[in-house]
Structure formats: structure tokens, C-alpha cells
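Trainee: Have a look; sequence and predicted model below, questions after that.
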Amino acid sequence: MGLQPTRASPGTWKNWENIEAVFRTIMEEEGEFPSAKTLKNKGYGGLLSILRKKYGGLEGAEKKMGYRSENEQLSGLLERYAGEAI
């Protein structure tokens with residue numbers, strides 16, 4: 001089922017396409033962008049530190065893939081319905 005996490009070879013997470021492949025597979029399985037908890041539970045805890053160091057964390061990865069973060073979505077809803085941004 002999906003990708004089977006193994007110890008990543010040195011340099012694996014330097015290639016954005018490898019990271020994106022993990023996210024897309026998990027998104028197909030889970031139906032949503034993976035949380036830190038989901039990544040850890042699936043054996044990709046090491047990927048989180050790379051995301052923080054190189055890509056701005058999970059939020060940065062979401063943006064790089066063209067998704068709006070949960071905070072941006074909530075802020076947009078608040079602005080739309082209450083007329084103010086957070």
C-alpha cells in the first residue's frame with residue numbers, strides 16, 4: 001500500500017520530486033495534505049526536519065505544491081464572512 005518508508009539514502013530529500021512523491025502518495029491514501037503526525041506515523045519523521053530546514057516546514061511544502069495552508073484558509077474565511085483578516 002503506497003510508499004514503504006525506508007531509511008532514505010543521503011541526498012534523497014534534497015530532490016524536491018522525491019518529497020512531492022511522498023506527499024502525493026499519502027494524499028491519495030488519506031484524502032488530505034499530511035500532517036506532521038501522519039508523516040511520523042508513516043515512518044517519514046526524518047523528512048520533517050528537512051522540510052523545516054529547506055522548505056519552510058509543512059506550510060512551505062503546501063505552498064510549493066500549490067495548496068493554501070490551513071491558517072491561510074481560515075484567515076480567508078474570516079475575512080470573507082467577518083470582513084477582517086487575522
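Mentor: Received the coordinates, thanks. Since we're looking at a predicted model, the values are computed, not measured.

Trainee: what secondary structure does the closest residue to residue 71 other than its chain neighbours sit in?
Mentor: The shortest distance from residue 71 to any non-neighbouring residue, by Cβ to Cβ, 6 or more residues apart in numbering, is to residue 59 (7.4 Å). C-beta here means a position set from N, CA and C on the backbone, and glycine is covered the same way. The three-state assignment at residue 59 reads helix, by DSSP: H, G, I helix; E, B strand; the rest coil.

Trainee: In this structure, where is pLDDT below threshold?
Mentor: 1-6, 69-70, 73, 84-86 (pLDDT under 70).

Trainee: Verify the stated contact: residue 65 with residue 19.
Mentor: No: in this structure residue 65 lies outside contact range of residue 19 using Cβ atoms under 8 Å: 9.3 Å.

Trainee: For the two, indicate the residue with more neighbours.
Mentor: residue 19 (21 against 14; other Cβ atoms under 10 Å).

Trainee: Send me the host helix or strand of the more buried one as PDB with only the CA atoms.
Mentor: If you go by DSSP states H and E, residue 19 is part of helix 16-30. What follows is helix 16-30 as a C-alpha-only set of coordinates in PDB (Å, rounded to 0.1, in the frame of the first residue of the first chain):
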ATOM      1  CA  TRP A  16      12.000  18.100  -4.300                       C
ATOM      2  CA  GLU A  17      10.500  15.500  -6.600                       C
ATOM      3  CA  ASN A  18      11.100  12.800  -4.100                       C
ATOM      4  CA  ILE A  19       9.400  14.800  -1.300                       C
ATOM      5  CA  GLU A  20       6.500  15.600  -3.600                       C
ATOM      6  CA  ALA A  21       6.100  11.900  -4.500                       C
ATOM      7  CA  VAL A  22       5.700  11.000  -0.800                       C
ATOM      8  CA  PHE A  23       3.100  13.800  -0.300                       C
ATOM      9  CA  ARG A  24       1.100  12.800  -3.300                       C
ATOM     10  CA  THR A  25       1.000   9.100  -2.300                       C
ATOM     11  CA  ILE A  26      -0.100  10.000   1.200                       C
ATOM     12  CA  MET A  27      -2.700  12.400  -0.100                       C
ATOM     13  CA  GLU A  28      -4.100   9.700  -2.300                       C
ATOM     14  CA  GLU A  29      -4.300   7.400   0.700                       C
ATOM     15  CA  GLU A  30      -5.500   9.900   3.300                       C
END
